[in-house]
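Asks: Structure of the sequence below:
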Amino acid sequence: MVKLYRTEDKVLQEIDEFTDGCWINMVSPSYQEVTEIANRFEIDDADIMAALDDEESSRIELEDGYTLILIDIPSVEVRHDKNRHTTIPLGILITQTAIITVCTAETPILQDFVNKRVKDFSTKKKMRFIYQILGRNISLYQSTLRTIDKMRTEIEERVGEDTTDTDLIDLHELESTLVYFATSLSANSGVLNRLTRYTRLEQYPDDQELLDDLIVENRQAIEMTSIYRDILNGTRELISSIIDSKLNNVMKYLTAITLVMAIPTIISGLYGMNVQSSGMPLADSHYGFALICLLTLIICIVAMAVLKKKRLL
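Replies: Take a look at the predicted model:
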């Protein structure tokens, strides 16, 4: 899908034809659409297709007549039948007459511009537009990180009550997401640092200040990711330890019950042996069976009291 936009009097409008200062938004484009855009703006189609490859890393490439900026953005995918966070590439190609964005899926980063939620936005101010995209990307990272930490907190609140193996799986998924985020934010940091030396296109006086703010915000997002990952790792270890402790308590309880139940088993086994009754205590007594049962019960109670005192029951 390819859509064209252009700002007129600070209002974004969708247009039907290519004009100077337009924004071309490509979402999961077909090969025919990629070829058409590549031929029209004299761009290598491999540079457009790079944004459609999930394995591509963030970078800047300066080519004849255009510049490719590739960054990683947060996205959602289905893993284990649940929505999980991950990262996907977003390609930004800067030509003399237009800005082209390429992504495999709709992203809130660009939808904020389409839905006119961004102030002071113009497709004609190319570098300002790019910095605003990068700023929205960092904000989405930070928002997603807070969501991940909230999910971790909800799991942590169930510790000791309804903790299950599913919680460990969910924590592992969150930890995997933070690994993706840490890697992507670090790569994006390299792109931001290189943009400080970018002079191919005209930049307005406030653009450099905006870029410096983006570098600081991205560094904060990296620190947030590191902190949340450490906390998440501690939570996962805590839950694992609690599950192991519960299992140990169950095994300890079953062992104690087995010891107590072994007492009547041993006594009944001895009295069931084929020996003369004269050799067995209370064997000839009229109340022998009742007395033996009572004695067995007393021994079991004493054994349970001892085990309880030793905190084994």
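
Asks: only C-alpha atoms for contact and neighbour calcs from this point on.
Replies: Will do.

Asks: and the lengthiest helix in the chain, what other elements does it pack with?
Replies: Across the chain, the helix with the greatest residue count (assigned by DSSP state H) is helix 205-271. Counting contacts by 3 or more C-alpha pairs under 8 Å, 6 or more residues apart in numbering; DSSP states H and E, the secondary-structure elements packed against helix 205-271 are helix 126-157, helix 165-195, helix 288-309.

Asks: Go ahead and measure how far that helix is from the middle of the chain.
Replies: Shown here is helix 205-271, whose average C-alpha point lies 17 Å from the average C-alpha point of the whole chain (C-alpha atoms, centre = their mean, to the nearest Å).

Asks: number of nearby residues for Met304?
Replies: Applying other C-alpha atoms under 10 Å, we find 18 residues neighbouring Met304.

Asks: Could you find the closest non-adjacent residue to it?
Replies: In this structure, Met304 finds its nearest non-sequential neighbour in Val260, 6.7 Å apart by C-alpha to C-alpha, 6 or more residues apart in numbering.

Asks: and the one you found, what does it touch?
Replies: Val260 is in contact with Cys300, Ala303, Met304, counting by C-alpha atoms under 8 Å, 6 or more residues apart in numbering.

Asks: change it to 10 Å
Replies: Leu254, Leu297, Ile299, Cys300, Ile301, Val302, Ala303, Met304, Leu307 (C-alpha atoms under 10 Å, 6 or more residues apart in numbering).

Asks: before we move on, the earlier item: as a markdown table, the helices and strands packed on helix 205-271 with distance to Leu282 and mean pLDDT would be great.
Replies: Putting those into a markdown table (distance: least, C-alpha to C-alpha, whole Å; pLDDT from 0 to 100) gives the following:
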| stretch | distance to Leu282 | mean pLDDT |
| --- | --- | --- |
| helix 126-157 | 59 | 87 |
| helix 165-195 | 54 | 85 |
| helix 288-309 | 5 | 83 |
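
Asks: Quickly run through the sheet partners of the lowest-mean-pLDDT helix or strand in the chain, with directions.
Replies: Comparing helices and strands within the chain by mean pLDDT, DSSP states H and E singles out strand 11-15 as the least confident, with a mean of 80. Based on DSSP bridges, the strands next to strand 11-15 in the sheet, each with its direction, are strand 2-8 (antiparallel).

Asks: and the partner strand, how far out from the chain's middle?
Replies: The gap between where strand 2-8 is centred and where its chain is centred comes out at 34 Å by C-alpha atoms, centre = their mean.

Asks: So for Gly160, what's the pLDDT?
Replies: Predicted confidence (pLDDT) at Gly160: the value is 63.

Asks: So which residues of the stretch 1-150 of the chain form helices?
Replies: Taking DSSP state H, counting those that start in this stretch as the criterion, the stretch 1-150 of the chain contains helices spanning 31-40, 45-49, 108-114, 126-157.

Asks: mind listing what's buried in the least confident helix or strand of the chain?
Replies: Buried positions in strand 11-15, judged by neighbour count with 16 or more other C-alpha atoms under 10 Å: Leu12.

Asks: Contacts made by it with the rest, please.
Replies: Applying C-alpha under 10 Å, 6+ apart, the contact partners of strand 11-15 are 3-7, 22-24, 113-116, 119-123.
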